[in-house]
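Undergrad: Sharing a sequence plus its predicted fold:
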Amino acid sequence: MSKTGVSNASPYWNPLGETGGDGGTDGDEHDEGGQAEGGTEDARDRRRERAAAVLARRIRRRASMRDLARALLIGALVTLAVLAVEIGRKAFVVIHRADLTTSTHIA
């Protein structure tokens, strides 16, 4: 915020804590004596570090969720393959038994 209390920042939040705007006095504000206001850069650095930590946590969480989804997909495919093999074996047995019952000789 500038000294007038009006924000020069963009209405859109940036995860790195950087603000847009019209290039106002945000960043290196000075009081009437030409002295820089204390704490503005420190607060921004802390905000950037906190935002970077949150972003890193989100990236790690997404990576772990992606790994979990891959594992579940592989498990589902293996299950489908096993079921396909078992259905094929059952069909073979049923067809084979049907051949045995219909191939009787009539004398």
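TA: The structure has been received and is ready for your questions.

Undergrad: how about low-confidence regions in this protein?
TA: 1-39, 102-107 (pLDDT under 70).

Undergrad: quick one, helices of it?
TA: Applying DSSP state H to the chain gives helices spanning 40-102.

Undergrad: Pull the number of nearby residues for residue 72.
TA: Neighbour count for residue 72, taken as other Cβ atoms under 10 Å: 10. In short, each C-beta sits where N, CA and C put it, glycine included.

Undergrad: How about residue 86?
TA: Per other Cβ under 10 Å, the neighbour tally for residue 86 reads 10.

Undergrad: if I look at it, how far off is residue 92?
TA: Per Cβ to Cβ, to the nearest Å, residue 86 is found 11 Å from residue 92.

Undergrad: Repeat that for residue 65.
TA: Residue 65 is 41 Å from residue 92, by Cβ to Cβ.

Undergrad: again, but for residue 73
TA: Taking Cβ to Cβ, one finds residue 73 at 29 Å from residue 92.

Undergrad: One more: residue 68?
TA: 37 Å.

Undergrad: Same check on residue 77?
TA: In terms of Cβ to Cβ, residue 77 sits 23 Å off from residue 92.

Undergrad: try residue 75
TA: Counting by Cβ to Cβ - residue 75 and residue 92 are separated by 26 Å.

Undergrad: go on, residue 70?
TA: For residue 70, the distance to residue 92 - Cβ to Cβ - is 33 Å.
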